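Peer 1: Take a look and give me a structure for this.
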Amino acid sequence: MQFQSIRRQLASAPLCRVLACLCALILALQLVGASFHDHDLSEHLPDCVSCHVASHSTADLPAVSPELLAVFLVIAYVLARLPRPAPVVLRRYLIPSRQAPPRH
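Peer 2: Now for the predicted structure:
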């Protein structure tokens, strides 16, 4: 029973890699397709991906003051530089349990 699960994991690893590469390829093709314009910028075509993305821009968000942004960056820098305590791990978790070969 254990060998079947190991064999299934080994067979699914290349399949997962192929699936991840396929998803990355599809994403790259979408990004390349979204970056090309085949018409004048004055025209606004509803089926053009670039025009559709540009119409949903973040222009309606309010501007953030540079002072507030600087305060947040300083806080983030200080928090990142604080020492983090090392987790305490009991010794029994670091040593594997004893195992003997099976009896015949």
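Peer 1: C-alpha only now, for contacts and for neighbours.
Peer 2: Noted.
Peer 1: Could you pull out the helices in the chain for me?
Peer 2: 2-34, 49-55, 66-81, 91-94 (DSSP state H).
Peer 1: Other residues contacting stretch 65-80?
Peer 2: Stretch 65-80 has contacts (C-alpha atoms under 8 Å, 6 or more residues apart in numbering) with no other residue.
Peer 1: just for this protein, where's the confidence low?
Peer 2: The model of the chain has pLDDT under 70 over residues 1-11, 34, 37-47, 49-50, 53-61, 97, 104.
Peer 1: repeat that for 80
Peer 2: 1-13, 31, 33-64, 86-104 (pLDDT under 80).
Peer 1: before we move on, the earlier item: tabulate the helices of the chain in CSV, adding columns for mean neighbour count.
Peer 2: As requested, these are arranged in CSV below (neighbours: other C-alpha atoms under 10 Å):
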stretch, mean neighbour count
helix 2-34, 11
helix 49-55, 14
helix 66-81, 11
helix 91-94, 8
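Peer 1: Of all the ones you listed, which one is nearest Pro101?
Peer 2: Pro101 lies closest, by C-alpha to C-alpha, to one member of these: helix 2-34, at 16.5 Å.
Peer 1: and the helices of the chain as CSV, adding distance to Arg103?
Peer 2: As requested, these are arranged in CSV below (distance: least, C-alpha to C-alpha, whole Å):
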stretch, distance to Arg103
helix 2-34, 18
helix 49-55, 67
helix 66-81, 54
helix 91-94, 26
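Peer 1: Of the ones you listed, which is nearest Pro102?
Peer 2: For Pro102, the closest of these is helix 2-34, at 15.4 Å, according to C-alpha to C-alpha.
Peer 1: Now do stretch 92-101: distance from first to last residue.
Peer 2: Stretch 92-101 stretches 22 Å from its first residue to its last (C-alpha to C-alpha, to the nearest Å).
Peer 1: now do stretch 81-89
Peer 2: 24 Å.
Peer 1: Show me what counts as buried in that stretch.
Peer 2: Buried residues in stretch 81-89, counted by 16 or more other C-alpha atoms under 10 Å: none are found.
Peer 1: when you give positions from now on, start the count at 56
Peer 2: With the count now opening at 56, the last piece we talked about shows up as stretch 136-144.
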